[in-house]
Structure formats: C-alpha cells, structure tokens
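Trainee: Here's a sequence, model it:
(one chain, ligands or ions: 1)
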Amino acid sequence: MSGWAVVTGASGGLGEGYATELARQGANVLLVARSADKLTALAERLRREFGVEVEAWPCDLTNRGSRAVLVADLMSRNVHTLVNNAGFGTLGEFVDLELSRIQAEVELNVVALTELTHTVLPGMKARGRGAVINIASTGAFQPIPKFSTYAATKAYVLRLSVGLWGELKGTDVRVLAVCPGPTETSFFDVAGDDGVRVRRRTVEQVVASSFKALRKRRPYVVDGFQNAILAQTTRLVPTSLATSLAGWVATH
Ligand SMILES: NC(=O)c1ccc[n+]([C@@H]2O[C@H](COP(=O)([O-])OP(=O)(O)OC[C@H]3O[C@@H](n4cnc5c(N)ncnc54)[C@H](OP(=O)(O)O)[C@@H]3O)[C@@H](O)[C@H]2O)c1
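Mentor: Take a look at the predicted model:
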C-alpha cells in the first residue's frame, strides 16, 4: 500500500490497536503521541512483524507549535488514512477542575482533531480516496455530569465527523466516527477514575468494529451491542433523565 496511515495517540490503548491493524493490512504507519520510548518500541515491533515502514513522531498535540510542525509534514505526505485517536477525559465537577486541564482536553479532543482532519482531507479529495477515523465515545450521545467537558468534546467529534461524512458521500473518501463504551485501556487511570464498574470491551473488539463500519461506509459506529442499545435509548428518554442516568453510571 503506497502512502501513509497516521495514528494519533499510538503509544498505547486503542491507538496501538489501530496502528497494529493498519500495519497488518500492509499500511506504512506514522505513530504520533508524546511518549517517544513507547512509539519507538511499537515502531520496531510493527516493522518486524509486518515488514512495513513505520515512523515514530513524538509530539504533544496540545502544543500548537509542535502541531504546526506535524501539519507541515503531513501536507507533503500522501496520507491515505488518519486515525484521530489521541484524547482524554477528566472525572470531576467542572468548577473544581483546573482550567488548564479543561483547556488541554478541548485542545486535544477538539482543536487538534479538527486541524489534522482539515490538513489531510484536501489531499484525499484530490486523490479520490482516503479514510478519516475519528474516535468519539458513547459519551457523545448525552451530557455526562462530572465528565461534562469530555462528553461535550466527544459530541463535537461525532457531529463533525457525520457532517463530513455527508459532505463526502458519493466519493471514496470515508469519514467515520467511532463511539466506544468503556474499553480496557489507560483511559480511566488518566481520567482519575479508578472504579471498575462495568465490563469493558477489548481494544481488539473496538478496532474490529471500526474497520467493519468503515468497509460498510457507515457515518458512525457504536462498539458493542449493549453500548449500541444504551446509545439509542438516550434518544428515546428526556434529556434530563438521560443526563442523570449517565452521571450516575459514570460515578458509581
Ligand atoms: N477506553 C475507553 O473506555 C474509551 C471509551 C470511549 C472513547 N475513548 C477514546 O479513545 C481514545 C483513545 O483512548 P484510550 O482509551 O486508548 O486511552 P489511553 O490508553 O489513555 O490512550 C490515550 C492516547 O492518547 C495519547 N495522548 C494523550 N495526550 C496526548 C497529547 N497531549 N498529545 C499526543 N498524544 C496524547 C496518549 O499517549 P502519550 O501519553 O504518550 O501522549 C495515548 O497514546 C480517546 O480519544 C478516548 O477519549 C476511550
């Protein structure tokens, strides 16, 4: 496969899963995250196992200067697939959280994702093919008290992606929003949420759901049957009830 797949947040969790699957499919992969050591180790493993080209690109995506350097590189690369996966959430009441943490969450989950998408889509459109996979969340379907900023950022990711899907319908440039529910990664440790309350899906399950939905040209996919039912249910009940329930589930 000529060209490059770019995966953000590739140093672990879902991003490592997407990078591994793309390399397995024969794609050259550019790995982006802050942890240079983890990216280097993953790059070596993927080269060894799949014989593809892999580059590690250590970068703090909340830093606009570092992002500009990455953007300049991506403009000169043939990027056939972008997985906007880097993201985090923070458990806690909005007024109690550091503003800098909230700003970083919005910068990473929303601004960086938007900028990278805007960087690669023109080339994909010109070449007449490509894929952007944006990782949203089941949190995109209703507000979540004590995860308010996170749920709002993921609602944006879902809406932006489905809007772009609509703009590109009829072309071979695909945009997909992936909405995982709780999944076995470092997400909850990073969020400051140590409670293991629900059975979590595996990275492999989420990655498999994503590529299946991409093949079917879906605008978005909710990973897992139970998560899909819950996501649809939020549309059928009043927002006040869905919000209260989501807040309870998130903190019990
Ligand atoms: N796990 C879940 O239950 C779940 C559910 C729904 C949605 N999601 C979404 O899935 C995506 C992946 O998360 P995950 O579950 O795999 O969590 P994770 O294991 O914590 O991975 C997050 C990834 O993002 C990277 N990252 C964080 N801050 C970054 C920054 N400033 N610049 C560049 N990279 C950064 C991390 O790498 P470094 O620390 O090396 O930078 C890591 O590779 C996120 O968008 C998350 O919101 C997760």
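Trainee: Which parts of the stretch 1-150 of the chain are strands?
Mentor: When secondary structure is read from DSSP state E, counting those that start in this stretch, the stretch 1-150 of the chain shows strands at 4-8, 28-33, 54-58, 79-84, 130-135.
Trainee: what angle separates the first one from strand 54-58?
Mentor: With axes from the mean of the first three to the mean of the last three CA atoms, to 10 degrees as the criterion, the two stretches strand 4-8 and strand 54-58 enclose an angle of 30 degrees.
Trainee: can you list the strands of the stretch 1-150 of the chain in a markdown table and add mean pLDDT, mean neighbour count and distance to the ligand?
Mentor: Yep, even glycine has a C-beta here, placed from its N, CA and C like the rest. As requested, the strands of the stretch 1-150 of the chain are exported to a markdown table (pLDDT from 0 to 100; neighbours: other CB atoms under 10 Å; distance: least, CB to the nearest ligand atom, whole Å):
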| stretch | mean pLDDT | mean neighbour count | distance to the ligand |
| --- | --- | --- | --- |
| strand 4-8 | 98 | 28 | 6 |
| strand 28-33 | 98 | 26 | 4 |
| strand 54-58 | 98 | 20 | 8 |
| strand 79-84 | 98 | 26 | 8 |
| strand 130-135 | 98 | 24 | 4 |
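Trainee: Distance to W248 for the ones you listed - can I get that in JSON lines?
Mentor: Output for those, formatted as JSON lines (distance: least, CB to CB, whole Å):
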{"stretch": "strand 4-8", "distance to W248": "32"}
{"stretch": "strand 28-33", "distance to W248": "33"}
{"stretch": "strand 54-58", "distance to W248": "39"}
{"stretch": "strand 79-84", "distance to W248": "30"}
{"stretch": "strand 130-135", "distance to W248": "25"}
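Trainee: can you tell me which of those strands comes nearest to V190?
Mentor: Among those, the nearest to V190 by CB to CB is strand 28-33 (12.4 Å).
Trainee: strands paired with the closest one, and their directions?
Mentor: Sheet pairing for strand 28-33, assigned by DSSP bridges, gives strand 4-8 (parallel), strand 54-58 (parallel).
Trainee: So which residues on this structure come close to the ligand?
Mentor: 8-15, 33-35, 38, 60-62, 85-89, 108, 135, 137, 180, 182-183, 185-187, 190 (CB under 6 Å from any ligand atom).
Trainee: from those residues, which would you call buried?
Mentor: 8-15, 33-34, 38, 60-62, 85-89, 108, 135, 137, 180, 182-183, 185, 187 (16 or more other CB atoms under 10 Å).
Trainee: Flag the shaky bits of the protein, pLDDT-wise.
Mentor: Residues of the chain that meet the criterion pLDDT under 70 lie in 194-197.
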